[in-house]
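*Asks:* Give the three-dimensional model of this entry:
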Amino acid sequence: MNTEQMKSAGGLLTDALGHVSALVRKEVDLARAELQENLNSAGTAVGLIVAAVVVVLTALNVLTAALVAALTEAGIPGAWSALIVGVALAVAAYAMARKGIDSLKLSSLAPSRTATNVKRDAQALKEAYNDK
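*Replies:* Residues are numbered from 1 along each chain as shown. This is a model prediction of the structure:
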């Protein structure tokens, strides 16, 4: 093997390592961006859960007032109105809490696009080396 061939092989190896290094950096950047996006989504879910807690506390206050009013003023429509409002708030709180909890599942936080890209890149590298 002459010096020119050795330089060529060395240059090819350097280029290949440079490409792999750049690919790894890009995948890490993608993973970081995807995790940030998923954490923002988790923050929104936590906000929904906090809102649900506030609504539940309000619903409990209204339901308690409705019960007191119903017991003391049996038959007065205002108490039943408060009861209907309390039940409606409780249903709304339940819906928000379910949505928030569903949004916090670990599978929705995982960097799935990055994992797919890494698998695709690994497959492309295998194919490139198998062809040579």
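*Asks:* could you pull out the helices for the protein?
*Replies:* Using DSSP state H, the helices of the chain run over residues 3-72, 77-103, 106-109, 112-131.
*Asks:* Determine the angle, from 0 to 180 degrees, between the second one and helix 3-72.
*Replies:* In this case it means helix 77-103. 160 degrees (axes from the mean of the first three to the mean of the last three C-alpha atoms, to 10 degrees).
*Asks:* Tell me which of the helices of the chain is the most buried.
*Replies:* Greatest average neighbour count among the helices of the chain goes to helix 77-103 (a mean of 15), per mean count of other C-beta atoms under 10 Å. Glycine gets a C-beta too; all of them are placed from N, C-alpha and C.
*Asks:* quick revisit: per-stretch mean pLDDT over the helices of the chain, give me the minimum one.
*Replies:* Lowest mean pLDDT within these: helix 106-109, at a mean of 64.
*Asks:* so what's W80 up against?
*Replies:* By C-beta atoms under 8 Å, 6 or more residues apart in numbering, the residues touching W80 are 66, 70.
*Asks:* quick one: it from G86, how far?
*Replies:* According to C-beta to C-beta, to the nearest Å, W80 stands 10 Å off from G86.
*Asks:* what sits in contact with each of those two?
*Replies:* Common neighbours of W80 and G86, counting by C-beta under 8 Å, 6+ apart, are A66.
*Asks:* which residues touch stretch 88-108?
*Replies:* For stretch 88-108, contacts defined as C-beta under 8 Å, 6+ apart pick out 38, 41-42, 44-49, 51-53, 55-56, 58-59, 62-63.
*Asks:* Could you find the closest non-adjacent residue to L48?
*Replies:* G100 (3.6 Å; C-beta to C-beta, 6 or more residues apart in numbering).
*Asks:* ok, that neighbour to I49 distance?
*Replies:* 4 Å.
*Asks:* can you check G18 too?
*Replies:* According to C-beta to C-beta, G18 stands 47 Å off from I49.
*Asks:* Check L104 too.
*Replies:* 8 Å.
*Asks:* Check P111 too.
*Replies:* Separation of P111 from I49 (C-beta to C-beta): 23 Å.
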